[in-house]
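fold the following.
(chains A and B)
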Amino acid sequence: EAQVTQNPRYLITVTGKKLTVTCSQNMNHEYMSWYRQDPGLGLRQIYYSMNVEVTDKGDVPEGYKVSRKEKRNFPLILESPSPNQTSLYFCASSSGLAPYEQYFGPGTRLTVT
Amino acid sequence: DAKTTQPNSMESNEEEPVHLPCNHSTISGTDYIHWYRQLPSQGPEYVIHGLTSNVNNRMASLAIAEDRKSSTLILHRATLRDAAVYYCILRANTNAGKSTFGDGTTLTVKP
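Numbers count the residues shown, from 1 in each chain, chains lettered A, B, ... in the order given. The predicted model follows:
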């Protein structure tokens, strides 16, 4: 089954403790993205990647890092999480060919205390 | 990025058609128009896309204005399961990785 998986689905952590949220897709997609979703602010893109070792900033990259060492994986790294990073996070992937429709993961709910 | 504008909310009765509008007046010639929907507690789900011509698929229809500055997602017979937030976004050929979602339209379907 074609899918985007994220782990963990739920995470509660404390300020400053480094964490990684993993994302994996099995569709051989070139493009992958991370979004955060907050009440009243909609979906905002954090980072995206066009292929292995090619990443770029989205609209809200501050406080986040990403890497794309393999085509199927696109982990989101929070080196020093803060409470304002409490949010619902979605990973998405899309083919590198038009029209670039995105397939989203189930989401990771992160709480930073 | 070209932006889209949608009404915050709309209501529909079950089994009636629903027309969800989207304005994208700054669309570029090669931008694709995509629609996604997000059901409660789920990730967004692709619904339909178009470039210039109207499109139909099993989920919905997409009507695109001749000048491409607006589009309408049409659900032919709304069901209670169609209650969701609907997002209209543009995907540019020139930078297809970048993606900006607006606030979307919250569709309420009344039985």
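
chain neighbours aside, what residue packs nearest to whichever residue of chain A sits closest to chain B?
Relative to chain B, the nearest point of chain A is A:Phe104 (3.5 Å; C-beta to the nearest C-beta). Every C-beta, even on glycine, is put in place using the N, C-alpha and C of the backbone. Closest residue to A:Phe104 apart from its sequence neighbours, by C-beta to C-beta, 6 or more residues apart in numbering or on different chains: B:Gly43 at 3.5 Å.

who does the helix or strand hosting B:Met10 touch, helix- and strand-wise?
Using DSSP states H and E, B:Met10 falls within strand B:9-13. Applying 3 or more C-beta pairs under 8 Å, 6 or more residues apart in numbering or on different chains; DSSP states H and E, one finds that strand B:9-13 contacts strand B:18-23, strand B:105-110.

neighbouring strands for it, and are they parallel or not?
strand B:105-110 (parallel) (DSSP bridges).

returning to what we had before: nearest to A:Thr22, of the helices and strands packed on strand B:9-13?
A:Thr22 lies closest to strand B:105-110 among the helices and strands packed on strand B:9-13, at 30.7 Å (C-beta to C-beta).

my guess is B:Pro21 meets B:Lys69, correct?
No - under the criterion of C-beta atoms under 8 Å, B:Pro21 is not in contact with B:Lys69, lying 11.5 Å apart.

contacting residues for B:Pro7?
B:21, B:105 (C-beta atoms under 8 Å, 6 or more residues apart in numbering or on different chains).

tell me the spacing between it and chain A.
Counting by C-beta to the nearest C-beta, to the nearest Å, the separation of B:Pro7 from chain A is 14 Å.

do you know the pLDDT at that residue?
Looking at B:Pro7, its pLDDT stands at 96.

give me the element it is part of.
B:Pro7 belongs to no helix or strand, assigned by DSSP H and E.

same question, A:Asp56
Following DSSP H and E, one finds A:Asp56 within strand A:54-57.

A:Cys23: helix or strand, and which one exactly?
strand A:19-25.

mean confidence for the helix or strand immediately after that strand in the chain?
Counting by DSSP H and E, the next helix or strand C-terminal to strand A:19-25 is strand A:31-38. In this model, strand A:31-38 has a mean pLDDT of 96.

excluding sequence neighbours, find me the nearest residue to A:Pro106.
Per C-beta to C-beta, 6+ apart, closest to A:Pro106 is B:Gly43, 5.6 Å.

over to B:Met59?
Leaving aside its sequence neighbours, B:Met59 sits nearest to B:Val47 (C-beta to C-beta, 6+ apart; 5.4 Å).

who touches B:Val85 in this structure?
B:Val85 sits next to B:37-38, B:104-107 when contact means C-beta under 8 Å, 6+ apart.

cutoff 10 Å now
A:42-43, B:6, B:8-9, B:36-40, B:44, B:101, B:103-107 (C-beta atoms under 10 Å, 6 or more residues apart in numbering or on different chains).

go on, A:Lys71?
A:25, A:28-30, A:32, A:49, A:51-52, A:93.

same thing but at 7 Å, please
Neighbouring residues of A:Lys71 by C-beta atoms under 7 Å, 6 or more residues apart in numbering or on different chains: A:28, A:52.

A:Gln3 now?
A:Asn26.

kindly report the same for B:Thr94.
Contacts of B:Thr94 by C-beta under 7 Å, 6+ apart are B:Thr30.
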